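Engineer: here is a sequence together with a model predicted from it:
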2 protein chains.
Amino acid sequence: MKKYILLLGSAMLAMCANAQQALWGASQIVSPQVNDNKTVTFRLAAPNAKEVKVTGDFLPTQKIKTPFGEFDGPGTAELVQKDGVWEYTTPEALAPELYSYTFLVDGLKITDPSNVHQIRDVASVTNVFLIDGDRASYYKIKDVPHGTVRKMWYESPSLGLNRRLTVYTPAGYESSNKNYPVFYLLHGMGGDENAWTELGRAAQILDNMIAEGKAEPMIVVMTNGNAALQAAPGESSLGFSAPSMQLPKTMEGSFEAHFPEVVNFIDNNFRTIKKKEGRAIAGLSMGGFHSMHISKQYPDMFDYVGLFSAAIMPDKKVSSPIYDDLDAKLKKQFDAKPALYWIAIGNTDFLYKANEEYRKMLDDKGYKYTYYETPEGHIWKNWRIYLTEFVPQLFKK
Amino acid sequence: MKKYILLLGSAMLAMCANAQQALWGASQIVSPQVNDNKTVTFRLAAPNAKEVKVTGDFLPTQKIKTPFGEFDGPGTAELVQKDGVWEYTTPEALAPELYSYTFLVDGLKITDPSNVHQIRDVASVTNVFLIDGDRASYYKIKDVPHGTVRKMWYESPSLGLNRRLTVYTPAGYESSNKNYPVFYLLHGMGGDENAWTELGRAAQILDNMIAEGKAEPMIVVMTNGNAALQAAPGESSLGFSAPSMQLPKTMEGSFEAHFPEVVNFIDNNFRTIKKKEGRAIAGLSMGGFHSMHISKQYPDMFDYVGLFSAAIMPDKKVSSPIYDDLDAKLKKQFDAKPALYWIAIGNTDFLYKANEEYRKMLDDKGYKYTYYETPEGHIWKNWRIYLTEFVPQLFKK
């Protein structure tokens, strides 16, 4: 056997240095570096650059002018060069959170070549890092029993599409015979069936809260709310096409109308509690709008409803049976006394007023709901907070 | 109800322009653009850059000097600037293939900010695009029935870890009661349980070949071959740490030794054909080495074995019962006449000679195997080809 034995040494070095495609361009720079004192250092090797900045949600916001007005956007900080490597360390410790950032090199926005951890959200890709502690510890993968995350496809006769969804089953699902409650968790405009398990950290939040006994073991179903699409960008027969916010069938009723097809698919393929007290629905932004309409359209389907920064802004030009007779449908839903109707929003959200008016209408009718308000606006930080607040309230009765 | 109705127009524009974090930095530039004649145009808006190049495996290779010698690496092409937008169009149509590329901006390697489709392979992230046709049509998502892809965790008592793996079940698995054969598919050094479903396109290849009747419906199990790790970078309790090629427990026997724990987990959690003729194992590079040793260590476990560019290079310094008595174990394996023992490699692979010597040894002993040789070297293009060649030969008897 000896004759075809090669020594690991040089051959492995060659393989390490070159042979696997993966290695081209691997970086020696450490960035970001979370320091012991919870400050964070960013580095970029760019000897020919004239100016390097970092921008991200860990920095104080700044006003950004757009054709549609002035908005709060992520701030920037300048890196300083030494020997071709640019560097910036935050002046203070960062609070526990999952943060996103990119670099600006002579004005060109790029991801950090030293950090392979990137998450696409709608049409942009940013790097991520996590400062551990407090609520953010739910966002990381801990040594606890882990659930299974599936990408699978269901037929929608009403939409005429084979469609992809994400299903989380809790640890122990495969080895037990019991039936589980199901939480349907919907994304926002431009998002897709991947959004809640990426920046939303849904699998980590569920794993960790179930392991601590704070949440009931449950199945979580994350659909694609763009009724014209099969699946997330790159995951459908459209190939590697560009993501878009200008999708034709998002808030015109067809997604909401077809939702029983999703519930039937899940009930037929998983061991579920096939009744109202075993089902919850919630969503962020457009998904909050969807959750509001689906839950009132099918008042016997969901006992728990969550509106996270909900885009409560019906389009008067849209005509759909889904949006007709709202008053009567809401009455029916609330007369049946849902176990939880939960409304959450940030106090700087551009949808704050729409939500306030919706709450006032519910108050006027005497419909019972729970309200949860946070600082800041229409951002993933808030949606992760809402998920960790909502999930422990589910399926407790 | 009217009083809390907002018009979609301006509010949606505001949301589109700003409010969802996702939109910061979304690009208006189209890149890459696959033209009707199958040439490809790359674009980058970088008005302050002095030089922009594109590098990728769609370009002719060029010699690259490294501390370990001179190697073939991906070529580069220069983009030309007009009004701040740099552009390059390939002079000729590209052959059907899944290609990877990045930009070099004044020497800084970056991903294309206009293309959200990126794949991490070991320690680097590259953009991808696909030229459809021929074999590459298996790499894309078509309108065929789709299998389910799960990320799930199994306990390994021998490694002392809870470990993550990827399991593909074919379309129809959930709705049938039949038992399926299982194909264990292993990654290379520095790879992980995500590798084969990312650049490897395993789910697409299986979906498409099963839909065409070219492959039997089968379960595909993709493990993590780094026995010191729980999971891929970013997917374990190590958090968002950097990927590494310098992993301690990859080719020293413990992964191979623990493999029956994987098979038992799969047999206990899926409807499998729990015998040799219902099991295949194959892997690329390090995974080929693993497949060789696992299949001969447990000669009653696998009837189909594939070595894709296998890293047949045992380390004389490593001592493990797994690597002892190779001759006797191979004799036992081949005396039982495996249904298929398939060896594939590229003719410029740095492991070509090691594989040639291994084949010669098999020839000398009279052990029957099938050999498949391609141009080029140790690259994903070849591993996707080998997968599409190997899979139709499985579970046919």
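Structural biologist: Received, thanks. Numbers count the residues shown, from 1 in each chain, chains lettered A, B, ... in the order given.
Engineer: what sits against residue A:214?
Structural biologist: Listed by Cβ atoms under 8 Å, 6 or more residues apart in numbering or on different chains, the contact set of residue A:214 reads A:391-392. Bear in mind the C-beta positions are built from the backbone N, C-alpha and C, glycine included.
Engineer: got phi/psi on it?
Structural biologist: phi -80, psi -20 (degrees, to the nearest 10).
Engineer: do you know the pLDDT at it?
Structural biologist: On pLDDT, residue A:214 comes in at 98.
Engineer: identify the bridge partners of the residue nearest to residue A:198 when sequence neighbours are not counted.
Structural biologist: Excluding the flanking residues, the one nearest residue A:198 by Cβ to Cβ, 6 or more residues apart in numbering or on different chains is residue A:119, at 4.7 Å. As for beta bridges, residue A:119 partners with residue A:126 under DSSP bridges.
Engineer: how much space between residue A:177 and chain B?
Structural biologist: Taking Cβ to the nearest Cβ, to the nearest Å as the measure, residue A:177 falls 13 Å from chain B.
Engineer: confirm residue A:344 sits in a strand?
Structural biologist: Yes: assessed by DSSP: H, G, I helix; E, B strand; the rest coil, residue A:344 belongs to a strand.
Engineer: who does it bridge with?
Structural biologist: residue A:308, residue A:372.
Engineer: quick check: it vs residue B:394, distance?
Structural biologist: 51 Å (Cβ to Cβ, to the nearest Å).
Engineer: those two: who's more crowded?
Structural biologist: residue A:344 (26 against 22; other Cβ atoms under 10 Å in any protein chain shown).
Engineer: could you report the separation of the more buried one from residue B:291?
Structural biologist: Taken as Cβ to Cβ, the span from residue A:344 to residue B:291 is 50 Å.
Engineer: for chain A, longest helix please?
Structural biologist: helix A:254-269 (DSSP state H).
Engineer: return that one as PDB; C-alpha atoms alone will do.
Structural biologist: The C-alpha trace of helix A:254-269 is given here as PDB (Å, rounded to 0.1, in the frame of the first residue of the first chain):
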ATOM      1  CA  SER A 254     -55.000  36.300  -3.300                       C
ATOM      2  CA  PHE A 255     -52.400  35.300  -0.800                       C
ATOM      3  CA  GLU A 256     -54.900  35.700   2.100                       C
ATOM      4  CA  ALA A 257     -57.600  33.900   0.100                       C
ATOM      5  CA  HIS A 258     -55.400  30.900  -0.600                       C
ATOM      6  CA  PHE A 259     -54.200  30.500   3.000                       C
ATOM      7  CA  PRO A 260     -56.400  27.500   3.900                       C
ATOM      8  CA  GLU A 261     -54.400  25.600   1.200                       C
ATOM      9  CA  VAL A 262     -51.300  26.100   3.300                       C
ATOM     10  CA  VAL A 263     -53.100  25.000   6.500                       C
ATOM     11  CA  ASN A 264     -54.400  21.900   4.900                       C
ATOM     12  CA  PHE A 265     -51.000  21.000   3.500                       C
ATOM     13  CA  ILE A 266     -49.400  21.400   7.000                       C
ATOM     14  CA  ASP A 267     -52.300  19.400   8.700                       C
ATOM     15  CA  ASN A 268     -51.900  16.700   6.100                       C
ATOM     16  CA  ASN A 269     -48.100  16.400   6.300                       C
END
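Engineer: run through who's touching that helix.
Structural biologist: A:152, A:154-159, A:165, A:167, A:182, A:184, A:219, A:221, A:223, A:225-227, A:249, A:272, A:274, A:279, A:290, A:293-294, A:297-298, A:301, A:320-322, B:174-175.
Engineer: ok, stretch A:372-385 next?
Structural biologist: Taking Cβ under 8 Å, 6+ apart as the rule, stretch A:372-385 contacts A:57, A:72, A:97-98, A:100, A:121, A:135, A:139, A:199-201, A:205, A:284-285, A:308-309, A:342-351, A:386, A:389, B:15, B:19-21.
Engineer: could you do stretch A:107-114 as well?
Structural biologist: A:25, A:27, A:29-32, A:42-44, A:51, A:55, A:101-104, A:118, A:125-127, B:25, B:44-49, B:105, B:108-111, B:113, B:125, B:242.
Engineer: inside helices: which ones of the residues you listed?
Structural biologist: Per DSSP H, the contacts of stretch A:107-114 never map to helices.
Engineer: buried residues in the longest helix of chain A?
Structural biologist: A:254-259, A:261-263, A:265-267 (16 or more other Cβ atoms under 10 Å in any protein chain shown).
Engineer: what residue ranges in chain A score low on pLDDT?
Structural biologist: Within chain A, the segments meeting pLDDT under 70 span A:1-27, A:66-68.
Engineer: hmm, back to that, helices - which of the contacts of helix A:254-269 land there?
Structural biologist: Using DSSP H, the contacts of helix A:254-269 in helices are A:290, A:293-294, A:297.
Engineer: what's the nearest residue in the stretch 101-250 of chain A when you look at chain B?
Structural biologist: Residue nearest to chain B within the stretch 101-250 of chain A (Cβ to the nearest Cβ): residue A:122, separated by 3.3 Å.
Engineer: what's the neighbour count on that residue?
Structural biologist: Residue A:122: 24 neighbours (other Cβ under 10 Å).
Engineer: from memory it sits against residue A:245, does it?
Structural biologist: Yes: with contacts counted by Cβ atoms under 8 Å, residue A:122 reaches residue A:245, the gap being 6.6 Å.
Engineer: could you list the contact residues of the stretch 251-397 of chain A toward chain B?
Structural biologist: A:251, A:269, A:285, A:311-317, A:326-327, A:349-351, A:354, A:357-358, A:360-361, A:377-380 (Cβ under 8 Å from any Cβ of the partner chain).
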